[in-house]
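Participant: What follows is a predicted structure for the sequence shown.
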Amino acid sequence: MKLNTIIIGAGPIGLTCGIEATKRNLSYLIIEKGCIVNSVFNYPVNMTFFSTSDRLEIGNVPFVSHGDKPTRREALEYYRKVVDYWKLKINTYEKVLSVMKSENLFVVVTNKAEYESENVIISTGFFDYPNLLNVAGEDLPKVFHYFKEAHPYAYEKVAVIGAGNSAVDVALETYRRGAEVTMIVREDKLKDSVKYWVKPDIENRIKEGSIKAFFNSTVKEIKEEEIIINSPEGLKSIPNDFVFAMTGYHPDYNFLFEAGIKFTSDENKVPQFNPDTLETNVEGLFLAGVVCGGMETNKWFIENSRDHSEKIFNHIKNKKS
């Protein structure tokens with residue numbers, strides 16, 4: 001069956017694309033390798049969003065939360081409600097392997113089927129591909145690039161690498177479960193983007209010494225019972241049981257490249273697309289959501305990319321007319 005549009009990724013922005021296709025009575029399918037809003041599901045269990053509920057709303061479905069800033073659990077419930085309300089067509093647990101253009105149609109191959117579509121929207125985000133440290137020992141079982149909850153690390157020696165919200169959340173949560181926490185920060189301070197209601201907490205814990213912090217420092221090697229860092233005072237060995245490398249994430253560049261998308265040549269590797277239509281250098285192939293930022297993962301969020309779907313489908317409609 002030939003579709004008008006295939007949407008790859010069932011995150012919040014992928015869902016908005018499905019909503020827009022539904023509103024315009026266009027044939028479409030959303031294909032998702034995991035569950036709906038898979039990235040949100042993989043956030044820490046106790047995470048609270050930076051944004052207020054109204055800024056996370058999509059499809060004119062009200063998002064009501066107990067507090068001004070919703071929790072992960074409330075967001076999962078909300079986006080399920082959106083899927084139900086709009087009766088979105090989603091194939092979950094189906095992984096897209098390739099996107100190839102053949103004449104005027106795209107052939108989308110997954111681990112379960114093969115589809116033909118006039119247009120393809122890639123809305124895959126970046127959360128599945130962590131930025132690696134590329135140091136010896138990073139592949140040890142005690143090293144993690146994701147964090148779910150703090151209880152398993154109570155009373156353990158935990159090293160947290162990073163300076164952003166994820167690193168701060170891990171440090172505070174594990175510290176409050178009794179872990180001995182050490183932060184390793186490449187910069188001379190924590191990032192300015194750390195949530196304003198959390199920043200005083202982490203700064204005070206560091207100041208009083210409850211959480212140790214090494215600034216202007218990097219990891220040299222991770223060993224079974226210690227972590228070696230380069231600090232301003234030279235090499236230091238820190239006793240260690242677990243490491244959380246909260247060093248950010250990046251898009252699946254191999255997948256985007258194989259689909260024919262070009263990128264900027266600078267370190268940010270931003271994919272090329274028309275900001276008015278979100279169409280890439282490949283005609284009929286669009287990007288939506290945070291994947292548009294390349295390595296600039298702090299540029300696009302749910303809040304400022306909710307209009308991507310409307311821009312895309314306005315362009316698709318104009319092509320058909």
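Facilitator: It's in.
Participant: In contact with the closest residue to E57 other than its chain neighbours, which residues?
Facilitator: Spatial nearest neighbour of E57, excluding adjacent residues (C-beta to C-beta, 6 or more residues apart in numbering): F63 at 4.6 Å. From N, CA and C alone the C-beta is placed, and that goes for glycine too. When the contact criterion is C-beta atoms under 8 Å, 6 or more residues apart in numbering, the partners of F63 are 53-54, 56-57, 70, 78.
Participant: Check S237 too.
Facilitator: By C-beta under 8 Å, 6+ apart, the residues touching S237 are 226-228.
Participant: Mind checking which of the residues you listed are in helices?
Facilitator: Of those, none are assigned to helices by DSSP state H.
Participant: Do a quick rundown of the helices in this structure.
Facilitator: So, for the chain - with DSSP H - the helices run 12-23, 38-41, 72-86, 165-176, 199-208, 253-258, 302-305, 308-320.
Participant: Who are the packing partners of the second one?
Facilitator: Based on contacts counted as 3 or more C-beta pairs under 8 Å, 6 or more residues apart in numbering; DSSP states H and E, the elements that helix 38-41 packs against are helix 72-86.
Participant: ok, 10 Å please
Facilitator: Where contact means 3 or more C-beta pairs under 10 Å, 6 or more residues apart in numbering; DSSP states H and E, helix 38-41 is packed against helix 12-23, helix 72-86.
Participant: For the helices of the chain, could you give me a markdown table that also reports distance to E32?
Facilitator: Shown next, in a markdown table, are those (distance: least, C-beta to C-beta, whole Å):
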| stretch | distance to E32 |
| --- | --- |
| helix 12-23 | 7 |
| helix 38-41 | 6 |
| helix 72-86 | 11 |
| helix 165-176 | 23 |
| helix 199-208 | 34 |
| helix 253-258 | 14 |
| helix 302-305 | 16 |
| helix 308-320 | 16 |
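Participant: mean pLDDT lowest for which of the ones you listed?
Facilitator: Of all the helices of the chain, the minimum mean pLDDT falls on helix 302-305 (a mean of 88).
Participant: what's that helix packed up against?
Facilitator: Helix 302-305 packs on helix 12-23, going by 3+ C-beta pairs under 10 Å, 6+ apart.
Participant: now the angle from the helix it packs on to helix 72-86?
Facilitator: Counting by axes from the mean of the first three to the mean of the last three C-alpha atoms, to 10 degrees, helix 12-23 lies at 10 degrees to helix 72-86.
Participant: ok, now which ones touch N60?
Facilitator: N60 makes contact with 19, 23, 82, 85-86, according to C-beta atoms under 10 Å, 6 or more residues apart in numbering.
Participant: Could you do N268 as well?
Facilitator: With C-beta under 10 Å, 6+ apart, N268 has these contacts: 293-297, 299.
Participant: give me that answer again for 7 Å
Facilitator: By C-beta atoms under 7 Å, 6 or more residues apart in numbering, the residues touching N268 are 294-296.
Participant: swap in Y153?
Facilitator: Contacts of Y153 (C-beta under 7 Å, 6+ apart): 174, 177, 179, 242.
Participant: In terms of pLDDT, where does the spatially closest residue to the third one that is not a sequence neighbour sit?
Facilitator: The one in question is A179. Spatial nearest neighbour of A179, chain neighbours left out: V158 (4.5 Å); criterion: C-beta to C-beta, 6+ apart. Here, the pLDDT recorded for V158 equals 98.
Participant: Tell me the spacing between V158 and A245.
Facilitator: According to C-beta to C-beta, to the nearest Å, V158 and A245 sit 12 Å apart.
Participant: Quick check on these two: which one has the bigger neighbour count.
Facilitator: V158 (26 against 23; other C-beta atoms under 10 Å).
Participant: I appreciate the help and will end here.
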